[in-house]
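**Q** Based on what follows, work out the 3D shape:
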Amino acid sequence: MAAATRVLKKGIAPSLVVILGATGTGKSKLAIEIGKRLNGEIISADSMQVYKGLDIITNKVTEEEQAQCPHHMISFVDPLVSGYTVVDFRNKALSLIEDMHDRKKLPIIVGGTNYYIESILWNVLIDTGVNQGSDTESENVGTPESKAELEKLGGPELHRRLKEVDPDMAAILHPHDARKIARSLQVYMDTGVPHSRLLEEQRGQDGGDCLGGPLRFQNPCIFWLHYKMNALDERLDKRVDQMLSHGLIDELRDFHVRFNEKMIKDSSQDYQHGIFQSIGFKEFHEYLTASENLSQEELDKLKIKGVESLKQATRRYARKQNKWVRNRFLKRPSSNVPPVYGLDVTDVTNWETTVLTPAVEILDCLQKGEQPSTQPIRAEGVESRNKRSHHMCDLCEKVIIGDLEWTAHQKSKNHLYQVRKRRKAEQASDQDANPTEHKNVIDRQVPVL
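**A** Numbers count the residues shown, from 1 in each chain. Okay, the predicted model is just below:
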């Protein structure tokens, strides 16, 4: 990591604290300790923790932990609601932050859903004022019914319609990405303005960049809890085992019976909306829906399969979270990115010395308007690239979005196979077009006996 060149404006205390990090890095623990010491209140930025239920699988803080420091945005949305969006979250969170500032409290934003955090820090969402939703960069957002109805039309049909009203947006969205295409169509339907034009206007605001509009708050203090991945993988596996010992299976079974069983019978469950997309729930689908006629041995195998799937999904998600932090915070290509202070949480045996004490010292310096001795970080090798470029591979009959993705596709086994196949076909065609010449070549190659 290289030291960042972005520094705070002296004399301005942090307007809020943000704690980033992959699942299992101890974000909540640090947030609580900071809150207790600095008169803070915590806003959970987790897209699954807003829903009631599945407390173990979504890793909600316990009642005892919540008693140590006030928490907000946890367990207040009905689990059967599928239309809760990142815009809903942002609006409520901004209201809470304003109230905390009025009461001289320090807002502490903590959670693993990084685009929720991003929506607070930057003006990055298109708010139509009708059916609210995320911009095209966000993922796994709860969707309003009108958007869900659009999605049923399928990607190709949606893409055809988007081409008619917003060809610029259609050019950068994959034809099979029904969710993002439906979102863009919905924006146009609600506003009468192409989604691409609204995004362009937002990014053109003073302080905006290619990812969205300007920063909302001056001098937010951002901590990134990072781990060596091999150590984190081991910790995540142990965390899943701990969840199991705390009653995870019973929690999943009870939630399935109360909320999910009927949806499956009605063929209305796809695990893509609301709390049902939570990591851990869909991984146990086979186990939860197993026939009563199965033997105990067969059930145990399905249970073990679910546990392994949960561990794999958790490890993948942790990597995805870290990638988001690097790309959207550390590598963000603009000058409106606040400093990010890295805290290594690989060794938790000296947690207070290596994590808590440095964090408190950094905040103390910032509140005094002083530059901390700990330097913020930025990822090395930051380079500009077009994540929206549109490429059509005629050989593979695929649409590829993004420069890196296009480069990777050109090196893929399938693409290289198609290249070789095309060359052989062209050579065969040339030979058919010049049979005499081809015969002479063969004659020259065959020795006379």
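
**Q** and the nearest residue to His273 once chain neighbours are set aside, which of the three is it?
**A** Leaving aside its sequence neighbours, His273 sits nearest to Ser82 (C-beta to C-beta, 6 or more residues apart in numbering; 4.0 Å). No exception for glycine: its C-beta is placed from N, CA and C like everyone else's. Of the three states, Ser82 takes coil according to DSSP: H, G, I helix; E, B strand; the rest coil.

**Q** Tell me how many other residues crowd Ser82.
**A** 17 (other C-beta atoms under 10 Å).

**Q** So it versus Gln277, what's the distance?
**A** Using C-beta to C-beta, to the nearest Å, Ser82 is found at 10 Å from Gln277.

**Q** and what of Ala231?
**A** Ala231 is 28 Å from Gln277, where distance means C-beta to C-beta.

**Q** These two - which one has more neighbours?
**A** More crowded of Ala231 and Gln277, by other C-beta under 10 Å: Gln277, with 17 against 13.

**Q** Tell me how far the more buried one lies from Thr346.
**A** For Gln277, the distance to Thr346 - C-beta to C-beta - is 30 Å.

**Q** Asp364 too?
**A** From Asp364 to Thr346 the distance is 24 Å (C-beta to C-beta).

**Q** same thing with Met243?
**A** Counting by C-beta to C-beta, the gap from Met243 to Thr346 is 22 Å.

**Q** Quick check on the two: which one has the bigger neighbour count.
**A** Remark: of Met243 and Thr346, Met243 carries more neighbours, 19 against 15, as counted by other C-beta under 10 Å.

**Q** Quick check: buried residues in the host helix or strand of the more buried one?
**A** Assigned by DSSP states H and E, Met243 belongs to helix 229-245. Neighbour counts over helix 229-245 (16 or more other C-beta atoms under 10 Å) mark 232-233, 235-237, 239-240, 243 as buried.

**Q** And stretch 155-163, by the same measure?
**A** 155, 158-159, 161-162.

**Q** Could I get the average pLDDT for it?
**A** Stretch 155-163 shows an average pLDDT of 90 in the prediction.

**Q** Kindly report the same for stretch 53-72.
**A** For stretch 53-72, the mean per-residue pLDDT is 95.

**Q** Equivalent analysis for stretch 90-104, please.
**A** Per-residue scores along stretch 90-104 average to 96.

**Q** chain center to it: distance?
**A** Distance of stretch 90-104 from the chain centroid (C-alpha atoms, centre = their mean, to the nearest Å) equals 24 Å.

**Q** What residues sit buried inside the longest helix along the chain?
**A** Using DSSP state H, we find that the single longest helix of the chain is helix 296-325. If you call a residue buried by 16+ other C-beta under 10 Å, then helix 296-325 has these buried ones: 302-303, 306-307, 309-311, 314-315, 317-318, 321-322, 324-325.

**Q** And those residues, which two are furthest apart?
**A** Leu302 and Val325 (34.9 Å; C-beta to C-beta).

**Q** for the one helix or strand Val399 maps to, packing partners?
**A** For Val399, the host element (DSSP H and E) is strand 398-401. Using 3 or more C-beta pairs under 8 Å, 6 or more residues apart in numbering; DSSP states H and E, the elements in contact with strand 398-401 are strand 390-393, helix 403-410.

**Q** Send me the helix or strand following the last one as CSV with only the CA atoms.
**A** Pointing back at helix 403-410 there. Downstream of helix 403-410, the first helix or strand assigned by DSSP H and E is helix 413-433. Provided in CSV are the C-alpha atoms of helix 413-433 (Å, rounded to 0.1, in the frame of the first residue of the first chain):
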residue,chain,number,x,y,z
LYS,A,413,-10.1,-21.2,-23.4
ASN,A,414,-13.5,-21.0,-25.1
HIS,A,415,-12.6,-17.9,-27.1
LEU,A,416,-9.2,-19.4,-28.2
TYR,A,417,-11.0,-22.6,-29.2
GLN,A,418,-13.4,-20.6,-31.4
VAL,A,419,-10.4,-18.7,-32.9
ARG,A,420,-8.7,-22.0,-33.9
LYS,A,421,-12.0,-23.4,-35.2
ARG,A,422,-12.5,-20.3,-37.4
ARG,A,423,-8.9,-20.6,-38.8
LYS,A,424,-9.4,-24.2,-39.7
ALA,A,425,-12.7,-23.3,-41.4
GLU,A,426,-11.0,-20.5,-43.4
GLN,A,427,-8.2,-22.8,-44.4
ALA,A,428,-10.6,-25.5,-45.6
SER,A,429,-12.5,-22.8,-47.5
ASP,A,430,-9.4,-21.6,-49.2
GLN,A,431,-8.5,-25.2,-50.3
ASP,A,432,-12.0,-25.7,-51.7
ALA,A,433,-11.7,-22.5,-53.7
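
**Q** what's the angle from helix 413-433 to helix 403-410?
**A** Angle of helix 413-433 versus helix 403-410, following axes from the mean of the first three to the mean of the last three C-alpha atoms, to 10 degrees, is 50 degrees.

**Q** Now do the buried residues in helix 413-433.
**A** Neighbour counts over helix 413-433 (16+ other C-beta under 10 Å) mark 415, 418 as buried.

**Q** Start the count at 245 instead of 1 going forward.
**A** That works, and once the first residue is 245, the last one we named lands at helix 657-677.

**Q** if we look at that helix, which residues are touching it?
**A** 637, 639-640, 653, 682 (C-beta atoms under 8 Å, 6 or more residues apart in numbering).

**Q** where's it relative to the chain centroid, distance-wise?
**A** On C-alpha atoms, centre = their mean, the centre of helix 657-677 falls 40 Å from the chain's centre.

**Q** How about stretch 291-311?
**A** 19 Å.

**Q** Between the two ends of that stretch, how far is it?
**A** From its first residue to its last, stretch 291-311 covers 22 Å (C-alpha to C-alpha, to the nearest Å).

**Q** Check stretch 399-419 too.
**A** Length of stretch 399-419, first residue to last, C-alpha to C-alpha: 6 Å.

**Q** Can you tell me what sits against that stretch?
**A** Stretch 399-419 is contacted from outside by 380, 394-395, 397, 420-422, 424-426, 428-429, 432, 438-441, 632-634, 643, 645, using C-beta under 8 Å, 6+ apart.

**Q** If we use 7 Å, what do you get?
**A** 380, 394, 420-422, 424-426, 428-429, 432, 438-440, 632, 634, 643, 645 (C-beta atoms under 7 Å, 6 or more residues apart in numbering).
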